[in-house]
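J.: Show me how the following folds:
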Amino acid sequence: MQTWLTRVGILTQADGSFGPATKRSVRRFQAAARLAPLTGTVGSLTAKTLALGAAGHDNRVDQRRSRHDLRWMTFPLRPVTRMLPPSDWTLDQGVDIGTVNMACGPDVVEVAVTAGTIVQEGADGFGPDAPVLKVSGGPLAGRYIYYGHAKPALVPVGAHVVAGQPIAEVGCGRVGISDAPHLEIDISAPGRPPCCPAMTQTSGQIHQIVRRLYQPAS
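T.: Numbering: from 1, shown residues only. This next block holds a predicted model:
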């Protein structure tokens, strides 16, 4: 809790003791968040609001880092010429990227957006082959990126991959809950399980990343 207070801009020593200084910090947070009364104690509402504020800070830090350094990443589909443009992408649980003329299979290969390890294949709603990549380096190290509606997977669970390495194909037909061949890609929330984030929880962040990585002339 003391760490969370510091993350939201109220500098608090993280000594593990709820003393007078921490109580003052909590009261400052309650005032800033317009929580009444200003008790300086942490009930369920204060705890939930503080947790959300700290998580929002982490997401903003990740987004700033991602905006400034994408050298370690690449667009998740090849060839880019078979992708629908960003104006046709949609956001729900992740970012849905469709293909031109419903291209799929070996005609559209999914590649690792960055170096990491394939830790899972298959996810509810996304089909039995959907790869989940644990990022090994860069600002997103330790987070998980899933590739929904892929079929087949091209590397086994446990494989270490590098940016741009083929890991799956876009599934043809109905793969999981889908109406047409496409990739749904998203990233786990900080500290959360490999798959899958809640609706719109992190899709804005991954959309910013893949939009910047999209190079239609490639």
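J.: tell me the contacts of the residue positioned nearest the centre of the chain?
T.: Central residue of the chain (CA atoms, centre = their mean): Ile187, 2.0 Å from the mean position. Ile187 makes contacts with 140, 143-145, 197, 202, 205-206, 209, as judged by CB atoms under 8 Å, 6 or more residues apart in numbering. The way it works is simple: take the backbone N, C-alpha and C, and place the C-beta from them, glycine included.
J.: Return the helix or strand in the protein with minimum mean pLDDT.
T.: helix 44-68 (a mean of 64; mean pLDDT, DSSP states H and E).
J.: which of the residues in the strand or helix carrying Thr117 are buried?
T.: Taking DSSP states H and E as the criterion, the element that holds Thr117 is strand 116-123. Of all the residues in strand 116-123, those buried under the rule 16 or more other CB atoms under 10 Å are 116-118, 120-123.
J.: now do stretch 27-34
T.: So stretch 27-34, judged by 16+ other CB under 10 Å, has buried residues 27-30.
J.: can you tell me which of the residues you listed lies nearest to Gly43?
T.: Gln30 (10.0 Å; CB to CB).
J.: Would you enumerate the residues in contact with the closest one?
T.: Counted by CB under 8 Å, 6+ apart, Gln30 has contacts 36, 38-40, 46.
J.: circling back: taking the buried residues of strand 116-123 together, which two end up most distant?
T.: Gly116 and Gly122 (17.5 Å).
J.: in this structure, which spans are helices?
T.: Secondary structure of the chain by DSSP state H: the helices cover 2-7, 20-32, 44-68, 203-213.
J.: now for the last one, which elements pack on it?
T.: Meaning helix 203-213. helix 44-68, strand 90-91, strand 95-98, strand 182-187 (3 or more CB pairs under 8 Å, 6 or more residues apart in numbering; DSSP states H and E).
J.: Now distance to Leu154 too, for the helices of the chain, in a markdown table please.
T.: Output for these, formatted as a markdown table (distance: least, CB to CB, whole Å):
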| stretch | distance to Leu154 |
| --- | --- |
| helix 2-7 | 39 |
| helix 20-32 | 48 |
| helix 44-68 | 26 |
| helix 203-213 | 20 |
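J.: Select, out of those, the one closest to Met102.
T.: Of all the helices of the chain, helix 203-213 comes closest under CB to CB, at 19.9 Å.
J.: quick one: low-confidence parts of this structure?
T.: 54-70, 217-218 (pLDDT under 70).
J.: Could you count how many residues lie near the residue nearest to Leu84 when sequence neighbours are not counted?
T.: In this structure, Leu84 finds its nearest non-sequential neighbour in Gly98, 4.3 Å apart by CB to CB, 6 or more residues apart in numbering. Counted by other CB atoms under 10 Å, the residues lying close to Gly98 total 19.
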